[in-house]
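Peer 1: Test case, fold it:
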Amino acid sequence: MSASSLPSFFSMYQQLIALPSISATDPKWDQSNKKVIDLLAQWLETLGFACEINELESQRGKYNLLARRGSGNGGLLLSGHTDTVPYDANRWNYDPFKLTEQDGRWYGLGSIDMKGFFAFVLQVLSELNSAVQTRPIMILATADEETTMNGAREVSRFANLKPDYCVIGEPTEMRPVYAHKGHMSEVIRITGRSGHSSDPGLGINAIELMHEVISALLKLKEDFKHKYSNSSFTVPQPTMNFGHIHGGDNANRICGCCELHLDIRPLPGLSVDELYVQLHKATESIQKRYPGSVELISLHHPIPGFQQATDSALVQLAEKIAQNEAQAVNYCTEAPFLQELGCETLVMGPGSIKQAHQPDEYLSIESIKPTQEKLKSLLKSYCFEE
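Peer 2: Here you go, the predicted model:
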């Protein structure tokens with residue numbers, strides 16, 4: 001089989017969008033990504049890639065794919081995730097699983113975040129002469145980036161995966177991203193003792209104790225501004241957001257339990273362990289007064305920040321190809337886990353992050369040709385004879 005056996009670019013895009021592969025913490029939404037993985041493997045084998053598929057040890061029914069072409073060490077790894085976020089059908093004007101062309105746009109769930117990236121890579125590879133490939137090319141497709149990032153956490157299970165360079169195709173409008181913040185989602189649960197509201201001494205009010213915790217966290221949040229700073233980011237300090245709080249069940253009952261859900265975005269280089277120490281300090285006085293009353297629960301494993309040196313060969317090449325200076329962003333990707341492979345790493349892909357996780361997600365048609373040319377330049381620079 002040859003590159004001519006591949007479907008058209010539009011058809012590949014269409015077929016990827018048509019396969020639901022939602023990842024979610026809610027089991028009612030969560031789905032396997034196996035059909036997407038199998039389809040990508042089929043197309044990549046057509047282009048002469050050897051494919052290996054691993055079911056995740058941490059999550060059965062979810063899969064990673066690694067495709068390799070070329071011998072020797074090093075080479076270029078192009079990586080993306082195969083899952084999408086859930087969607088609200090009432091807010092979509094188009095079928096999320098049918099690629100719809102309208103007003104110069106391709107609409108569909110995953111059109112830019114980020115199934116479409118694989119169609120771009122396949123199309124560009126089909127236009128390059130594999131006979132003059134000089135270094136290994138690897139394509140990685142991961143599971144569950146939108147929730148646990150367990151796929152990226154397990155890439156080391158692929159034997160001898162040691163690329164020189166890695167590009168993650170998240171939507172950046174093909175502008176290179178050399179740094180991003182991490183992500184922690186934590187629950188602080190206060191367990192007091194319920195009782196009749198007419199006599200406060202009968203119980204321990206969890207809401208009142210949570211008030212103390214929030215006061216300590218607000219001070220910690222303010223300390224972030226003075227203790228940590230990175231001017232590369234539009235928001236230069238780590239952020240903390242109180243996203244959800246619930247406690248009690250009735251006005252005339254002493255609240256027995258209160259939960260706060262918070263989000264922390266650490267800067268690159270800021271130890272996640274240090275942040276956990278700070279969170280425990282915020283509840284320390286309550287723990288001493290009421291042993292066992294405070295729990296700190298992670299909604300998912302923490303994702304550290306990411307940074308690649310701006311003077312690295314990959315960043316400098318990407319800036320030249322993109323004709324744009326590399327940037328730091330506040331959202332996070334799989335980059336810190338792939339960087340652990342020992343490769344220079346950056347994030348650069350088609351589409352705008354402003355469209356990610358939005359109803360009527362779309363790719364601008366006018367961006368297709370420039371994106372393909374930039375990806376082709378990247379591949380030619382590292383893996384093909386001129």
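
Peer 1: okay, CA-based contacts and neighbour counts for the rest of this
Peer 2: Will do.

Peer 1: contacting residues around the helix or strand containing residue 337?
Peer 2: According to DSSP states H and E, residue 337 maps onto helix 335-339. Contact partners of helix 335-339, identified using Cα atoms under 8 Å, 6 or more residues apart in numbering, comprise 152-153, 155, 166, 168, 303-307, 345-347.

Peer 1: Rounded mean pLDDT for it, please.
Peer 2: Averaging pLDDT along helix 335-339 gives 98.

Peer 1: mean confidence for the very next helix or strand once past it?
Peer 2: Following helix 335-339 in sequence order, the next helix or strand is strand 344-347 (DSSP H and E). Per-residue pLDDT over strand 344-347 has a mean of 98.

Peer 1: Equivalent analysis for stretch 177-189, please.
Peer 2: Across stretch 177-189, pLDDT averages out at 97.

Peer 1: now do stretch 108-121
Peer 2: Here stretch 108-121 scores 97 as its mean pLDDT.

Peer 1: how deep is residue 284 tucked in, by neighbour count?
Peer 2: Using other Cα atoms under 10 Å, residue 284 has 16 neighbouring residues.

Peer 1: Let me see the contact set for residue 283.
Peer 2: 213, 216, 294.

Peer 1: I'd like the distance from the second one to residue 65, if you could.
Peer 2: As for residue 216, its distance to residue 65 is 45 Å (criterion: Cα to Cα, to the nearest Å).

Peer 1: who's more crowded, those two?
Peer 2: Each of residue 216 and residue 65 has its neighbours counted (other Cα under 10 Å); residue 65 has more, 26 against 18.

Peer 1: what helix or strand does residue 38 sit in?
Peer 2: Applying DSSP H and E, one finds residue 38 within helix 34-46.

Peer 1: err, residue 286, not the other one
Peer 2: Using DSSP H and E, residue 286 sits in helix 284-289.

Peer 1: Could you list the buried residues of the helix holding residue 38?
Peer 2: Buried residues in helix 34-46, counted by 16 or more other Cα atoms under 10 Å: 34, 36, 37, 40, 41, 43, 44, 45, 46.

Peer 1: I figured the fifth one was touching residue 48, is that so?
Peer 2: No - with contacts defined as Cα atoms under 8 Å, residue 41 does not count as touching residue 48, sitting 10.5 Å away.

Peer 1: Can you give me the neighbour number for the closest residue to residue 272 other than its chain neighbours?
Peer 2: Closest residue in space to residue 272, ignoring its immediate chain neighbours: residue 304 at 6.7 Å, by Cα to Cα, 6 or more residues apart in numbering. If you count neighbours by other Cα under 10 Å, residue 304 ends up with 24.

Peer 1: residues contacting residue 304?
Peer 2: Contact analysis of residue 304 by Cα under 8 Å, 6+ apart lists 181, 182, 183, 266, 268, 270, 271, 272, 336.

Peer 1: which phi and psi does it have?
Peer 2: phi -70, psi 170 (degrees, to the nearest 10).

Peer 1: Let's see the pLDDT reported for it.
Peer 2: On the pLDDT scale, residue 304 is placed at 95.

Peer 1: what's the distance between residue 29 and residue 199?
Peer 2: Between residue 29 and residue 199 the distance is 45 Å, computed by Cα to Cα.

Peer 1: When these two are compared, which one has more neighbours?
Peer 2: Per other Cα under 10 Å, whichever of residue 29 and residue 199 has more neighbours is residue 29, with 13 against 10.

Peer 1: Going by contacts, tell me the helices and strands next to the longest helix seen in the chain.
Peer 2: Counting by DSSP state H, the longest helix found in the chain is helix 206-227. Counting by 3 or more Cα pairs under 8 Å, 6 or more residues apart in numbering; DSSP states H and E, the packing neighbours recorded for helix 206-227 are strand 184-191, strand 239-247, strand 257-265, helix 272-282.

Peer 1: tell me which residues in that helix are buried?
Peer 2: So for helix 206-227, counting by 16+ other Cα under 10 Å, buried means 206-207, 209-210, 212-214, 216-218, 220-221, 224.

Peer 1: got it, and stretch 189-204?
Peer 2: Within stretch 189-204, judged by 16+ other Cα under 10 Å, the buried ones are 189, 190, 191, 192, 194, 195, 197, 203, 204.
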